[in-house]
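Asks: Predicted model follows, preceded by the sequence.
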Amino acid sequence: MTEQEYNKCVEKHANNLYRFVLKNIKDEDKASDIVQDAYEKMWVQRIGIDAEKSKSYLFTTAYHILIDYVRKDKRMVPLEETTKIEPYYETGYSDLSEILNKALDRLPEKQKMVLLMRDYEGYSYEEIGEITTLSESQVKVYIYRARLFLKNYLCKQELVI
């Protein structure tokens, strides 16, 4: 991959990559860091990357960085959370997008990511399989299970009332 091809790749895919990462972690600064790390790794390996497969390489790299971040973040518990006790109260319907985001947050990592890649970013099953190193049939299973969970979660009467 030449420098010009790398620059074209950055211009073409930066927004989609950032949106994908941001949708998964909901922290703008960390999403920017992950995207930057993915582009840095791509720059270091640019000589061995085919320009036609740069999108796949880029999203695969960002996906793996994101997985590492999520795993690392799960092990860390901020001090404020361990000492702060919030009262429990029941919330009624506030906003459909808020409810959908809460439902997405309850999905397992891989199911959430493949569902977002398919429904939010518009990738094919084959492309998702390349990015996540899953088989196409496994991608379909994860998407099916995620959609089934969302359907059951969103159809609860407590959320509607």
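Replies: Nice, I can see it. Note that the structure is predicted; figures quoted are calculated from it, not measured.
Asks: Make sure residue 69 is actually in contact with residue 27.
Replies: No. If you go by CB atoms under 8 Å, residue 69 and residue 27 don't touch, sitting 9.6 Å apart. The way it works is simple: take the backbone N, C-alpha and C, and place the C-beta from them, glycine included.
Asks: Looking at those two, which one has more neighbours?
Replies: residue 69 (19 against 14; other CB atoms under 10 Å).
Asks: per-residue confidence for the more buried one?
Replies: pLDDT, residue 69: 84.
Asks: Residue 158 now?
Replies: 62.
Asks: and the residue nearest the centre of the chain, what does it touch?
Replies: Centrality entry for the chain: nearest residue to the mean C-alpha point is residue 24, 3.7 Å, by CA atoms, centre = their mean. Taking CB atoms under 8 Å, 6 or more residues apart in numbering, we find residue 24 in contact with 66, 70, 112-113, 116.
Asks: List the buried residues in the helix or strand encompassing it.
Replies: Using DSSP states H and E, residue 24 sits in helix 3-25. Within helix 3-25, the residues scored as buried using 16 or more other CB atoms under 10 Å are 6, 9-10, 13, 16-18, 20-24.
Asks: what's the answer for stretch 141-159, then?
Replies: So stretch 141-159, judged by 16+ other CB under 10 Å, has buried residues 142-143, 145-146, 149-150, 153, 159.
Asks: Check stretch 97-109 too.
Replies: Buried, per 16+ other CB under 10 Å, within stretch 97-109: 99, 103-104, 107.
Asks: Okay, now the unreliable bits of this protein?
Replies: 74-94, 157-161 (pLDDT under 70).
Asks: Cool, thanks, talk later.
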